[in-house]
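Novice: pasting the sequence and the predicted coordinates here, then a few questions.
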Amino acid sequence: MPSGALLFQSVILGLLLGGLYALLAAGLTLYFGIMRVVMIAHSAFLILAAYLAWWSHARLGVDPLLSMVVTVPLFFGLGVLLQRLLLARLRPVTLTMMSVLLTFAIAVLIEGLLGYAFTGTQRRIQLGYGSASLGLFGARIAVVKLIAFGLAAVALLTLYLLLKRTRFGWALRATIQHPDAARLLGIDTDRVASFGFGVGLATAAVGGTALALDTTIYPSLHWHWIGPLMAIIVVGGLGSVPGAAVAAMLLGLVQSLLQIPLGTTWAQTVFYLALFATLAFRPQGFFGGRLAQRF
Amino acid sequence: MPSASELSPAPAPAQRLAGLFRVVVIVALAAAVLSFPSWAPNPYILSAGIVVLNYAVLSTAWNFVGGFTGYISLGHGALAGLGGYATGLLVVRAGLPSFVALAVATLLVAVFAVPVGYAALRVRGASFVIVSIALVLILLLVFQSWASFTGGSRGLVVPRPFPGLLRPEHHRVFFYLFAALLAVALLVWWLVDRSRFGLGLKAIREDEDKAESLGTPTFGYKLVVFVVSAGFTGLAGGLYALWFGDLDPVFQFSILTGAYLVLMALLGGVRQLFGPLVGALIVGIGLEYFKVEFGNTPLHLVATGLLLALVVMFMPDGVLPALGALVDRFLRPAQSSIREVTAAELRDRATTGPDAGPATDPPPTVPVGAPDGRSTEQRS
């Protein structure tokens, strides 16, 4: 039986991790809600953002957090272009399947270009506050993990306010709920969809920077992330942002707790087990997920 | 190629000519494949030929699911890897003879595919793809971590089934084994294509809800075809393990392999018997070339990504349909497209003569369950 302090530490770390997962999965949920697009390249963009953060720190000497001033708008623009130039041109009948292949191609392309530009060497940001940690009732929490969680919390709160309080958010939610009705009300759904896509990709810029603070990065790292993220959005119910957030927190917590008896590698299987269990017993997802039944 | 041209009662001379053309092409292709080992300049080229044939088998096996039902699996690479590892482990750990191990491994992969298919096929499209990706990642995780049993990252050495043979002879034997497997896979695909079962699968591809409401047992059909596809994939993977003799989880459970298979099938054309084969020839040769030219740089990833994106954006129907349309323009000017036809259209054609097909007189709306409903919108 593990000690109470260890359990407590695991719970704290699990919640911090879950917050980060929630941020990363939010983008995926947006894409699926807006366009029924399963964006395989999301985690590749995440790694791209992480590399940009690393590069700005190692080469330009800028704090990685400041790199977001550039990467967030850049990724927003990329998302808009991606939706306008590529995804919107696929045939509607086969959109879901073909978008998977197209975004898969983009992911492979990003991985190849990253490998070409930065080589396959593992990179890590060396920060002054990188090894600092806080003591909290006997648990030691690394400062970078807190910063990453803080970033995730701020980004998710901004996303929430954007969706609930702004005209753009209303239009976006209307487009997700019923595109035809939204068009009838005079909403330019194409424009809203492309901006929504941009917002989704902007979350990847934040998430990637948060990731870079605490992990060693290499070009093919995105395959390690795609599985857990996909599992989260399926468990949460495809297309449901709150569902994805709950699933992310829960799975992050379970993963962290399972690491005590099983070790880090086997603890990862919890995502896949949850994925298969969801599809076998409740295909529409355990939390929310009205859309999933048909897709 | 249109399956209707053989079914219609009185083929027009032009159609007969096209049929003859097909036979000539098929015979030439078979002759080229069978004689390849005797004119391959060196053992390396021969082994590259085996790799391409292996891709052709895998891609044809993939096409049982992708082509008939429209469900795109990115996880077939994992099924092949599982077949390879099952074969290797049965030989190494259980001491079975090589080809007995291969048969048992194929069976195991097919059995394994039942629960996977059960979970994955209950939901449509997107979730299926997600599960197929998850399958690759979880198997990679398991086979890498469970090193005491699988050898982990150190790899698993599979003893050769014919220890007496020299290397070039070994290649030659396996080349013919793969060619035979390809022939069987193509034959089975062809049989399914013109069966009632195949018709049900295509109905799922076009409109699953309608197919179900018309009484097609869609879930059972999907599951059966997925298991058949997995069986062929596992068999090819196992044969590869016996030939190559050295397995590594990173290469056996690579998501990239699955993507290559999809790329090949799409490029050649998923509705065509020989689509995946043509795609495998193009992509497989391209991959071997990239390997020689760029070695271990990540540029082959860039090339793969670009090619896949281009195919998805501009040629989702594949090369063969494009070529078929070209042939049609010269041989069958009366027909404007080479789409497959529905049973209703066939009956129509049988009563009013071969040239009164819908192609000369396109219907204003897409007929219910028309197998080519999705492309009529582009053509009409």
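Specialist: Arrived safely, thanks for sending. Numbering: from 1, shown residues only, chains lettered A, B, ... in the order given.

Novice: let me see the ranges of the strands in the chain.
Specialist: Went with chain A since none was named. A:133-136, A:139-142 (DSSP state E).

Novice: should've been chain B
Specialist: B:156-157, B:246-247.

Novice: out of these, nearest to A:Met230?
Specialist: For A:Met230, the closest of those is strand B:246-247, at 26.4 Å, according to Cβ to Cβ. For the C-beta atoms, the positions are set from N, CA and C on the backbone; glycine is no exception.

Novice: B:Leu137 reaches A:Ile226, doesn't it?
Specialist: Yes - contact criterion Cβ atoms under 8 Å: B:Leu137 and A:Ile226 qualify, at 7.5 Å.

Novice: excluding chain neighbours, what is closest to B:Leu273?
Specialist: Distance criterion Cβ to Cβ, 6 or more residues apart in numbering or on different chains; nearest residue to B:Leu273, sequence neighbours excluded, is B:Trp190 at 5.5 Å.

Novice: which pLDDT value belongs to the one you found?
Specialist: Among the per-residue scores, B:Trp190 shows a pLDDT of 93.

Novice: return the residues of the stretch 1-150 of chain A in contact with chain B.
Specialist: Counting by Cβ under 8 Å from any Cβ of the partner chain, the stretch 1-150 of chain A comes close to chain B at A:32, A:36, A:38, A:40, A:86, A:89-91, A:93-94, A:96-98, A:100-102, A:104-116, A:120.

Novice: can you say which of those residues are buried?
Specialist: Neighbour counting with 16 or more other Cβ atoms under 10 Å in any protein chain shown marks A:32, A:36, A:38, A:40, A:86, A:90, A:94, A:96-98, A:100-102, A:104-115 as buried within the residues of the stretch 1-150 of chain A next to chain B.

Novice: out of these, name the ones that lie in helices.
Specialist: The helices, defined by DSSP state H, take in A:32, A:96-98, A:100-102, A:104-115 from these.

Novice: tell me, what residue is most central in chain A?
Specialist: Nearest to the mean C-alpha position of chain A, by Cα atoms, centre = their mean, lies A:Leu24 at 1.5 Å.

Novice: ok, that residue touching A:Ser43?
Specialist: Yes - under the criterion of Cβ under 8 Å, A:Leu24 makes contact with A:Ser43 at 7.5 Å.

Novice: quickly list what's touching both of those two.
Specialist: Each of A:225, A:229 lies in contact with both A:Leu24 and A:Ser43 under the rule Cβ atoms under 8 Å, 6 or more residues apart in numbering or on different chains.

Novice: who's in contact with B:Ala211?
Specialist: For B:Ala211, the contact set (Cβ under 8 Å, 6+ apart) comprises B:200, B:203-204, B:218, B:369.

Novice: export these as a markdown table, with columns for neighbour count.
Specialist: Listed next are the contacts of B:Ala211 as a markdown table, based on neighbours: other Cβ atoms under 10 Å in any protein chain shown:
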| residue | neighbour count |
| --- | --- |
| B:Gly200 | 22 |
| B:Ala203 | 22 |
| B:Ile204 | 23 |
| B:Thr218 | 20 |
| B:Gly369 | 18 |
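
Novice: which residues of the stretch 1-150 of chain A score low on pLDDT?
Specialist: When residues are selected by pLDDT under 70, those of the stretch 1-150 of chain A lie in A:1-2, A:128-131, A:137-138.

Novice: ugh, wrong one, the stretch 101-250 of chain B
Specialist: For the stretch 101-250 of chain B (pLDDT under 70), the answer is none.

Novice: what of the stretch 251-380 of chain B?
Specialist: Within the stretch 251-380 of chain B, the ranges that satisfy pLDDT under 70 run B:295-296, B:331-380.

Novice: list, one by one, the residues from it near chain A.
Specialist: B:255-256, B:259, B:262, B:266, B:297-309, B:312-313, B:316, B:373-374, B:377-378.

Novice: give the buried subset of these as a PyMOL selection command.
Specialist: The buried residues among those can be selected in PyMOL (16+ other Cβ under 10 Å) with this line:
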select buried, chain B and resi 255+256+259+262+266+298+299+300+301+302+303+304+305+307+308+309+312+313+316+373+374
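
Novice: out of the residues of the stretch 251-380 of chain B next to chain A, which are inside helices?
Specialist: Per DSSP H, those map to helices at B:255-256, B:259, B:262, B:266, B:299-309, B:312-313, B:373-374, B:377-378.

Novice: tally of neighbours for the nearest residue to A:Met68 once chain neighbours are set aside?
Specialist: Using Cβ to Cβ, 6+ apart and skipping the chain neighbours, the partner closest in space to A:Met68 is A:Thr209 (5.3 Å). The tally of other residues near A:Thr209 (other Cβ atoms under 10 Å in any protein chain shown) stands at 28.

Novice: check contacts around A:Arg124.
Specialist: Contacts of A:Arg124 (Cβ under 8 Å, 6+ apart): A:54, A:215-217.

Novice: how much space separates it from chain B?
Specialist: Distance from A:Arg124 to chain B, counting by Cβ to the nearest Cβ, to the nearest Å: 20 Å.

Novice: distance check, that residue against B:Trp243.
Specialist: Distance from A:Arg124 to B:Trp243, counting by Cβ to Cβ, to the nearest Å: 40 Å.

Novice: contacts only, for A:Ala22.
Specialist: Shown in contact with A:Ala22 (Cβ under 8 Å, 6+ apart): A:152, A:156, A:244-245, A:248-249.

Novice: which of those residues has the most neighbours?
Specialist: Counting by other Cβ under 10 Å, top hit in the contacts of A:Ala22: A:Ala244 with 32 neighbours.

Novice: for that one, which non-adjacent residue is spatially closest?
Specialist: Per Cβ to Cβ, 6+ apart, closest to A:Ala244 is A:Gly236, 3.8 Å.

Novice: distance check, that neighbour against chain B.
Specialist: In this view, A:Gly236 and chain B are 12 Å apart by Cβ to the nearest Cβ.

Novice: ramachandran angles for that residue?
Specialist: Backbone torsions for A:Gly236, taken as degrees, to the nearest 10, come to phi -70, psi -10.

Novice: so it touches A:Met249, yeah?
Specialist: No - shown here, A:Gly236 and A:Met249 do not form a contact pair, counting by Cβ under 8 Å, at 10.1 Å.

Novice: highest average neighbour count across the strands of chain A?
Specialist: Ranked by mean neighbour count, the strands of chain A are led by strand A:139-142 with a mean of 16 (mean count of other Cβ atoms under 10 Å in any protein chain shown).

Novice: show me how far that strand is from its chain's centre.
Specialist: Distance of strand A:139-142 from the chain centroid (Cα atoms, centre = their mean, to the nearest Å) equals 24 Å.

Novice: the closest residue to B:Leu281 other than its chain neighbours: what's it in contact with?
Specialist: Nearest non-adjacent residue to B:Leu281, counting by Cβ to Cβ, 6+ apart: B:Val52, 6.4 Å away. Going by Cβ under 8 Å, 6+ apart, B:Val52 touches B:280-281, B:284-285, B:288.

Novice: same deal with A:Arg282?
Specialist: Here A:Arg282 is in contact with no residue (Cβ under 8 Å, 6+ apart).

Novice: next up, phi/psi of it, please.
Specialist: phi -150, psi 80.

Novice: tell me the pLDDT at it?
Specialist: Here the pLDDT value assigned to A:Arg282 is 78.
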